[in-house]
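Peer 1: 3D model of this:
(2 chains)
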Amino acid sequence: MLVEQIKLEADEKIIKIVRKHWFVMCMFIIGDLLLTLLPLIGYFILSKLIAELPVNQFVTMNSFSEFTGTIWFFYLAWILLMWMHFTNHITDYYLDLWVITDRRIVAIDQRGFFRRHLSSFRLERLQDMNIEISGIIPTLLNYGFIEAQTAGGSNEEFKAKNMPDPRGLKSLIIHQADERQKVTQYRHDQAGL
Amino acid sequence: MPTNPLAPDTFISVSLDQFLTLVFLFLVLVFAIHSAIVAYHWLTYGHSKSQAFLGTMLHIGIGVVILLIMGSIIIF
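Peer 2: Okay, the predicted model is just below:
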């Protein structure tokens, strides 16, 4: 499982596991639901149009009813494909996360099934954190972009969109980084004595 | 180059039922592979075993129900 994958150090504690905001998942659900209903809506519109056509003595509703079973078969196939598509979104959402421990931050970026990017930085290396909440919905639901800047390293891996409560997350990480600095400084002083 | 028209028996004729069965078998194969990949990812990289197990079972369960209805449409 995840804990074995990120290989926690001895005495390292997980403070928080953060996934993207639930609204992002809701948007996926609504999108997939609309796509699932699309053929059904198309079928009813087509049925109405055919019923109103002047040639309806040739193409009647009987033409449709002869193939009702086949139409349902293909509609169910479409539902199955949409279900698999939805599962892909869930997998992305479920496996894409930040793990904040008392020593480091582990950022896991799952892109599709076969591309997984895992990066981490120690809290001592944290220099600054930026957050950005832009737009009406992100402001109302309190989610946004968060970026951690680290000393001497590229911060490309430590950017995440649609994170919930960016201000709270920022203060939590900065607090943990300060605590970590104190512990490191204490150990350093002890070693110097 | 053959100049004679093709004999009718050289065409592969597939009835609607056979075509639906082929589509069904193809979807069963795709769904089985997809489910195996999903289950592997959730059970390997998920942070809670119970959540991952429940999610996998839900995914497979709903998929199997859809496939069963499709199969019953072909049979009946």
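Peer 1: Just the CA atoms from stretch A:115-132 would do, formatted as PDB, please.
Peer 2: The C-alpha trace of stretch A:115-132 is given here as PDB (Å, rounded to 0.1, in the frame of the first residue of the first chain):
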ATOM      1  CA  ARG A 115       2.600   7.200 -15.600                       C
ATOM      2  CA  ARG A 116       3.300   7.800 -11.900                       C
ATOM      3  CA  HIS A 117       5.500  10.600 -10.600                       C
ATOM      4  CA  LEU A 118       6.600  10.500  -7.000                       C
ATOM      5  CA  SER A 119       8.800  13.200  -5.600                       C
ATOM      6  CA  SER A 120       9.600  14.400  -2.100                       C
ATOM      7  CA  PHE A 121      11.500  17.100  -0.300                       C
ATOM      8  CA  ARG A 122      12.600  17.500   3.200                       C
ATOM      9  CA  LEU A 123      10.900  20.200   5.200                       C
ATOM     10  CA  GLU A 124      14.400  21.800   6.100                       C
ATOM     11  CA  ARG A 125      14.700  22.600   2.400                       C
ATOM     12  CA  LEU A 126      11.400  24.500   2.200                       C
ATOM     13  CA  GLN A 127      12.000  28.200   1.500                       C
ATOM     14  CA  ASP A 128       8.600  29.600   0.600                       C
ATOM     15  CA  MET A 129       5.100  28.600  -0.300                       C
ATOM     16  CA  ASN A 130       2.800  30.300  -2.700                       C
ATOM     17  CA  ILE A 131      -0.900  29.800  -3.100                       C
ATOM     18  CA  GLU A 132      -3.400  31.100  -5.600                       C
END
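Peer 1: Return the set of buried residues in it.
Peer 2: By neighbour count on 16 or more other CB atoms under 10 Å in any protein chain shown, the buried set for stretch A:115-132 is A:120, A:121, A:123, A:125, A:126, A:129. Any C-beta I mention is one placed from the backbone N, CA and C, and that applies to glycine too.
Peer 1: Relative to chain B, which of the residues you listed is nearest.
Peer 2: residue A:120 (15.1 Å; CB to the nearest CB).
Peer 1: show me the contacts for the closest one.
Peer 2: By CB atoms under 8 Å, 6 or more residues apart in numbering or on different chains, the contact set of residue A:120 is A:6, A:104, A:105, A:106, A:107.
Peer 1: one more time with 10 Å, if that's ok
Peer 2: A:6-7, A:98-99, A:101, A:103-108, A:157-158 (CB atoms under 10 Å, 6 or more residues apart in numbering or on different chains).
Peer 1: what's the average pLDDT for stretch B:21-32?
Peer 2: Averaging pLDDT along stretch B:21-32 gives 95.
Peer 1: ok, back up a step: and the least confident of the contacts of residue A:120?
Peer 2: Of all the contacts of residue A:120, residue A:157 has the smallest pLDDT value, namely 64.
Peer 1: What segments of the chain are strands?
Peer 2: This is for chain A. Using DSSP state E, the strands found in chain A span residues A:14-19, A:97-101, A:104-110, A:116-122, A:126-132, A:143-150, A:159-164.
Peer 1: my bad, chain B
Peer 2: Using DSSP E, strands in chain B do not occur.
Peer 1: okay, the closest residue to chain A within it: pLDDT?
Peer 2: Nearest to chain A, among the residues of chain B, is residue B:47, at 3.9 Å (CB to the nearest CB). Looking at residue B:47, its pLDDT reads 80.
Peer 1: try the one 10 residues further on
Peer 2: For residue B:57, the model assigns a pLDDT of 94.
Peer 1: so what's it up against?
Peer 2: Residue B:57 touches residue B:39, counting by CB under 10 Å, 6+ apart.
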